[in-house]
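Asker: Below is the sequence, then the predicted model.
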Amino acid sequence: MATIYQRCKSDKRNSNYPCAQIRCSHPWTVRYREPFGARAERQPSFEKKNQADAFAQRLDRDKYEGFYLDPKRGDIPLRDYAPDWLDRQVVADGTWRNYESFLRIHLLPALGDKSVIGIQTKDIETFVAALSKKLAAATVCDRMKMVTSIFKTAMKEKRRPDDPTEGIKLPRTGSHAVDEDEIPTLHEVDLIAKQIAPQYRLTIYLQAGAGLRISETLGFSADSHRDGFIRIRRQVSAKAHRNDCVTRFTPLKHRAEGEYRDIPTPAFLDNEIEAHLQTWGTTTVKGVEVLFAPRERGKGTMPTANTYSYHFRKALTEAGITKPDGSPKFTPHGLRHFFASTALAHGIPIHEVSRWLGHRSIKTTVDVYGHLVPASWGRCRTIMQSALRPLSPA
């Protein structure tokens with residue numbers, strides 16, 4: 001229990017002792033002990049007795065309900081707390097890299113010197129406003145989820161009473177729908193396949209004919225090819241991991257180690273795979289028979305999205321598939337768009353396309369490709385006409 005008293009009437013060491021006034025203007029002190037740790041004694045002072053009473057009542061209530069906050073627990077710089085928080089998270093290497101770089105480049109330079117308990121809503125608002133001038137709106141919204149998680153953890157650890165990111169207005173993100181200008185035509189797909197380096201011809205059709213990501217395409221292996229379908233279980237990554245920067249195989253995006261997805265293959269793609277194997281064979285990398293690794297032992301490294309992009313851009317330039325300023329018209333991801341849009345336009349259910357693309361949820365597929373289902377417009381017109389005006393001509 002907290003004790004409320006005036007030093008001027010009980011502490012002989014106080015300069016105002018003894019005070020004979022019944023209603024003096026001297027401060028009131030609340031004496032209490034912390035409910036954990038070293039149980040240090042605290043003695044904050046207040047100008048008025050009602051303020052001291054309110055503090056003591058709130059303190060006793062918080063102790064009883066388990067909400068008590070030790071001021072010292074929150075008096076830790078965010079610069080020390082945030083990296084420790086990150087090290088305790090169970091996340092994929094890619095997510096860890098994104099979080100670590102955001103902390104190092106943006107969050108800690110801006111707020112790192114402030115204590116966890118000292119950061120206020122206005123500090124977060126200022127930070128978001130400045131961040132919005134540097135990063136895309138979608139990136140800001142995504143990274144602020146991490147910032148919120150940091151403060152939610154601090155609340156659970158009783159380092160602060162509230163979440164300063166709650167109610168913060170974030171920049172509005174634009175539509176995720178793919179622009180039809182980013183999708184090559186069948187003629188352009190074939191032109192790119194014709195112009196790219198011969199050993200990479202199959203990559204074009206794995207992306208356009210099965211919707212693979214480029215990192216999945218470059219990790220394609222002999223055991224991925226099955227009878228009438230392909231089984232994708234790995235991708236290639238060359239980004240810096242937690243402790244190094246080595247090209248390696250990693251689990252599929254949004255998937256755990258060992259998980260895979262199956263994708264049906266048209267006959268022409270099966271033929272392309274067989275032709276590639278007969279011409280180029282495979283190379284064993286870390287026990288995996290891959291199709292696109294260097295053929296000469298000890299020379300070069302596994303191709304990655306960055307090294308592959310050189311060959312892709314060169315193919316577009318030689319095929320004349322460029323923008324008015326001469327830059328390449330498409331990226332490798334445009335071939336994945338070709339697969340999705342073609343499948344949807346020909347009546348393949350969107351939930352099936354979503355599963356083959358490996359999206360986290362069908363909502364992602366709908367947001368990106370939902371507008372590319374023109375047949376639904378005609379069906380809607382016919383159905384509503386029949387329902388509302390059954391005797392009238394369509």
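Answerer: Nice, thanks for sending it over. These figures come from a predicted structure and were not determined experimentally.
Asker: Nearest residue to residue 76 in space, ignoring adjacent ones along the chain?
Answerer: Spatially, and ignoring its direct neighbours in sequence, residue 76 is nearest to residue 116 (5.5 Å; CB to CB, 6 or more residues apart in numbering). Just so you know, the C-beta spots here come from the backbone N, C-alpha and C atoms, and that holds for glycine as well.
Asker: just checking, the one you found touches residue 74?
Answerer: Yes. Under the criterion of CB atoms under 8 Å, residue 116 makes contact with residue 74 at 5.0 Å.
Asker: so what sits against both of these two?
Answerer: Shared contacts of residue 116 and residue 74 (CB atoms under 8 Å, 6 or more residues apart in numbering): 154, 159-160.
Asker: list the buried ones in the helix ranked longest in the chain?
Answerer: Longest helix in the chain, counting residues (DSSP state H): helix 137-156. Residues of helix 137-156 classed as buried under the neighbour-count rule (16 or more other CB atoms under 10 Å) are 139-141, 143-144, 146-148, 150-151, 154.
Asker: Let me know the closest of the residues you listed to residue 9.
Answerer: Taking CB to CB as the measure, residue 154 is the one of the buried residues of helix 137-156 closest to residue 9, at 39.7 Å.
Asker: Look at the closest one and report its pLDDT.
Answerer: Note on residue 154: pLDDT of 92.
Asker: again, but for residue 219
Answerer: Residue 219 carries a pLDDT value of 91.
Asker: which residues does it contact?
Answerer: So residue 219 contacts 234-236, 249, 290 (CB under 8 Å, 6+ apart).
Asker: Let me know how buried the closest residue to it other than its chain neighbours is, in neighbour terms.
Answerer: Nearest non-adjacent residue to residue 219, counting by CB to CB, 6+ apart: residue 236, 4.3 Å away. Residues within reach of residue 236, counting by other CB atoms under 10 Å, total 24.
Asker: Enumerate the beta-bridge partners assigned to residue 236.
Answerer: Beta-bridge pairing for residue 236 (DSSP bridges): residue 249.
Asker: right, and it touches residue 247 too?
Answerer: Yes. Using CB under 8 Å, residue 236 is in contact with residue 247, at 6.6 Å.
Asker: Spit out the residues that contact the two alike.
Answerer: With CB under 8 Å, 6+ apart, residue 236 and residue 247 have common neighbours 302, 304.
Asker: contact partners of stretch 260-268?
Answerer: If you take CB under 8 Å, 6+ apart as the criterion, stretch 260-268 is touched by 205, 209-212, 226, 228-233, 252, 255, 273, 355-356, 358.
Asker: one more time with 10 Å, if that's ok
Answerer: Stretch 260-268 is contacted by residues 205-206, 209-212, 216, 224-234, 251-252, 254-255, 269, 271-273, 339, 348, 352, 355-358 when judged by CB atoms under 10 Å, 6 or more residues apart in numbering.
Asker: In strands, which of those appear?
Answerer: 229-232 (DSSP state E).
Asker: ok, of those residues, which one's closest to residue 181?
Answerer: Distance to residue 181 across the ones in strands among the contacts of stretch 260-268 (CB to CB) is lowest for residue 232, with 28.0 Å.
Asker: and that closest one, what pLDDT?
Answerer: With respect to pLDDT, residue 232 has a value of 95.
Asker: Now do stretch 368-385, average pLDDT.
Answerer: Averaged over stretch 368-385, pLDDT sits at 73.
Asker: I'd guessed residue 102 sits against residue 131; true?
Answerer: Yes. Under the criterion of CB atoms under 10 Å, residue 102 makes contact with residue 131 at 9.4 Å.
Asker: Could you name every residue contacting both of those two?
Answerer: Joint contacts of residue 102 and residue 131 (CB under 10 Å, 6+ apart) are 139, 143-144, 147.
Asker: quick one: which of these is nearest to residue 281?
Answerer: residue 139 (41.4 Å).
Asker: Residue 139 contacts residue 131, doesn't it?
Answerer: Yes. Using CB under 10 Å, residue 139 is in contact with residue 131, at 8.7 Å.
Asker: Show me whatever sits in contact with both of the two.
Answerer: 102, 171.
Asker: for stretch 357-364, which positions count as buried?
Answerer: Using 16+ other CB under 10 Å as the test for burial, stretch 357-364 gives 357-359, 362.
Asker: Endpoint to endpoint, that stretch covers what distance?
Answerer: 10 Å (CA to CA, to the nearest Å).
Asker: Give me the distance from it to the chain's centre.
Answerer: Relative to its parent chain, stretch 357-364 has a centroid offset of 14 Å by CA atoms, centre = their mean, to the nearest Å.
Asker: Now do the helices in the stretch 251-394 of the chain.
Answerer: With DSSP state H, counting those that start in this stretch as the criterion, the stretch 251-394 of the chain has helices at 267-280, 305-319, 333-345, 350-357, 362-369, 375-388.
Asker: Of the ones you listed, flag the one that's most buried.
Answerer: Highest mean neighbour count among the helices of the stretch 251-394 of the chain (mean count of other CB atoms under 10 Å): helix 333-345, with a mean of 21.
Asker: average pLDDT for that one?
Answerer: What helix 333-345 shows for mean pLDDT is 92.
Asker: what's that helix packed up against?
Answerer: With contacts defined as 3 or more CB pairs under 10 Å, 6 or more residues apart in numbering; DSSP states H and E, the packing partners of helix 333-345 are helix 186-195, helix 201-210, helix 214-218, helix 305-319, helix 350-357, helix 362-369, helix 375-388.
Asker: Can you flag the weakest of those by average pLDDT?
Answerer: Here those differ in mean pLDDT, and the lowest is helix 375-388 at a mean of 76.
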